[in-house]
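Enquirer: Here's my sequence, what's the structure:
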Amino acid sequence: MSFGQGLSGLNASSKQLDVIGNNIANAQTVGFKAAQAQFADVYANSLNGSGAGQVGIGVKVATVAQQFTQGNISPTQNPLDIAISGPGFFRMSDNGAVSYTRNGQFHLDDNGFIVNAQGLNLTGYPVGSTGLILAGTPVPLHINTADQPPKATTEADTIINLDSRATIPTVPAFNPLDPNSYTQKTPVDIYDTLGNKHTLETFYVKTAPVPPATGVGEYDIYSTLDGVPVVTATGTPGLIGHAVFDTLGKLDPLATTPVTTPPFTFSMDIGAVTTAAGAAPQTITYSITGSTQFGAAYSLNALHQDGFTSGKLSKFNTGKDGTILGTYTNGQTAVLGQVILSNFTDPNGLQSIGDNQWVETSESGPPLAGVPSSSGLGTLTSSATEDSNTDLTGELVNMITAQRVYQANAQTIKTEDQILQTLVNLR
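Expert: Below you'll find the model as predicted:
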């Protein structure tokens, strides 16, 4: 009698319903990967070998395979939520015990480490003292929330146009307080070693030629720091150099002049500025490369300096390549770390340990770690999570089918019972 076939069918259908029920239960679990019950037929071993009339003895569940297909990406309001688009898993650490997940719901713990709901640490590459990523052995990622230290200005650059039609100032002795003693001035905000902001003003005093004469244009250039002349090697207070423009209105850096030609280097007289008390002396390199002297009104076309004041971390987000970039209140940005991903030759060989975590096995192969967007790994999206890939419509249809199969197998057992009862009642 074939009670065995029917019973195996009941067990297989029951197992399939368990898998379907688990998929449906996790339809809203972030990063969940639906599973599929896969079946195989069963035949009894025969001493005489196989034959054309061999009848199977039922069915078995060959494996329950998870389907690592991509889930939908949903935006969130948490900058630490990260979604993976494509292959790969987040690498998590529990005091050195490594596991892997697709659930990118993270937050900062009280020590500044990026962790998930179970308290596992997200791992990646840290940042060195120079601000560069230290690629090597992954470590728990830590967000440094300390204030960003200030950076003293060492370079300043301006690109201007000086009006070639301007006349030589009527007052021969330069005085920063007398507009008649200079042709034009350009202010630049700079910072000392303590992060205090100062105003560096650069004055252009035309010396030759006098319109309507033709030929080159020459300018003495002075600078003051918060109104105090800077210290230079020229011997004249505030005089940082001399600029010569050719007949095409372009700066001529090779012209022979009595004093220094651009770029200019000078010292800031920090001690003469009360707001800079305690700041260390610093030297500024000032460039006007690209400046012109055309027959047009003065214009400031570009301005740059490399210093900034201290700043507090205001926000951060994760780039497609896993780089965590922090933004500070001083307008600066800094790299805080880099998330890495791990992939496996056979993800279906991973062992699920619950809480959306998997661990490697001999079937999965060793982890292949790398930077997102490289080596076939997926990309990351900040402030987003990956939805469960459970197809509710498909699972409900599968559930109906599994229920019908279960009923059919129960019917075969019932039929076999009726046949057996007929045999028992023979006289």
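
Enquirer: For the rest of this, base every contact and every neighbour count on C-alpha atoms.
Expert: Will do.

Enquirer: what residue ranges in the stretch 51-200 of the chain score low on pLDDT?
Expert: By pLDDT under 70, the weakly predicted segments of the stretch 51-200 of the chain are 51-53.

Enquirer: quick check, Asp7 in a strand?
Expert: Careful, residue 7 is Leu and not Asp. No - counting by DSSP: H, G, I helix; E, B strand; the rest coil, Leu7 is not part of a strand but helix.

Enquirer: Now do the buried residues in the host helix or strand of Tyr100.
Expert: Using DSSP states H and E, Tyr100 sits in strand 97-101. Residues Val98, Ser99, Tyr100, Thr101 are the ones in strand 97-101 that count as buried (16 or more other Cα atoms under 10 Å).

Enquirer: name the helices or strands packed onto that strand?
Expert: Packing partners of strand 97-101 (3 or more Cα pairs under 8 Å, 6 or more residues apart in numbering; DSSP states H and E): strand 89-94, strand 357-359.

Enquirer: how far off strand 97-101 does the first one point, in degrees?
Expert: Think strand 89-94. Interaxial angle, strand 89-94 versus strand 97-101 (axes from the mean of the first three to the mean of the last three Cα atoms, to 10 degrees): 150 degrees.

Enquirer: what packs against strand 89-94?
Expert: Against strand 89-94 (3+ Cα pairs under 8 Å, 6+ apart) you get strand 97-101, strand 121-125, strand 341-343.

Enquirer: Contacts for the first one next, please.
Expert: When you say that, I think you mean strand 97-101. Here strand 97-101 makes contact (Cα atoms under 8 Å, 6 or more residues apart in numbering) with Gly31, Phe89, Phe90, Arg91, Met92, Ser93, Ser342, Asn356, Gln357, Trp358, Val359, Glu360.

Enquirer: Please render those residues as JSON lines that adds neighbour count and distance to Tyr298 to the earlier fields.
Expert: Formatted as JSON lines, the contacts of strand 97-101 follow (neighbours: other Cα atoms under 10 Å; distance: Cα to Cα, whole Å):
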{"residue": "Gly31", "neighbour count": "28", "distance to Tyr298": "60"}
{"residue": "Phe89", "neighbour count": "26", "distance to Tyr298": "58"}
{"residue": "Phe90", "neighbour count": "24", "distance to Tyr298": "56"}
{"residue": "Arg91", "neighbour count": "27", "distance to Tyr298": "58"}
{"residue": "Met92", "neighbour count": "25", "distance to Tyr298": "59"}
{"residue": "Ser93", "neighbour count": "19", "distance to Tyr298": "61"}
{"residue": "Ser342", "neighbour count": "20", "distance to Tyr298": "58"}
{"residue": "Asn356", "neighbour count": "16", "distance to Tyr298": "65"}
{"residue": "Gln357", "neighbour count": "21", "distance to Tyr298": "65"}
{"residue": "Trp358", "neighbour count": "21", "distance to Tyr298": "66"}
{"residue": "Val359", "neighbour count": "16", "distance to Tyr298": "68"}
{"residue": "Glu360", "neighbour count": "19", "distance to Tyr298": "68"}
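
Enquirer: nearest to Gln66, of these?
Expert: Nearest to Gln66 among the contacts of strand 97-101: Trp358, at 11.4 Å, using Cα to Cα.

Enquirer: so what's the residue lying closest to Tyr222 once chain neighbours are set aside up against?
Expert: Of all residues not flanking Tyr222 in the chain, Leu239 sits nearest, at 4.3 Å (Cα to Cα, 6 or more residues apart in numbering). Counting by Cα under 8 Å, 6+ apart, Leu239 touches Asp220, Ile221, Tyr222, Ser223, Val230, Thr232.

Enquirer: Tell me, how many residues neighbour the fifth one?
Expert: Per other Cα atoms under 10 Å, the neighbour tally for Val230 reads 23.

Enquirer: In contact with the residue nearest to it when sequence neighbours are not counted, which residues?
Expert: Nearest non-adjacent residue to Val230, counting by Cα to Cα, 6+ apart: Gly238, 4.8 Å away. Gly238 makes contacts with Tyr222, Ser223, Thr224, Pro229, Val230, Val231, Thr232, as judged by Cα under 8 Å, 6+ apart.

Enquirer: what do you get for Lys315?
Expert: Lys315 neighbours (Cα under 8 Å, 6+ apart): Gly326, Thr327, Tyr328.

Enquirer: circling back: so what's the predicted local confidence for the residue nearest to Val230?
Expert: pLDDT for Gly238: 84.

Enquirer: now do Ala233
Expert: At Ala233, the pLDDT recorded in the model is 67.
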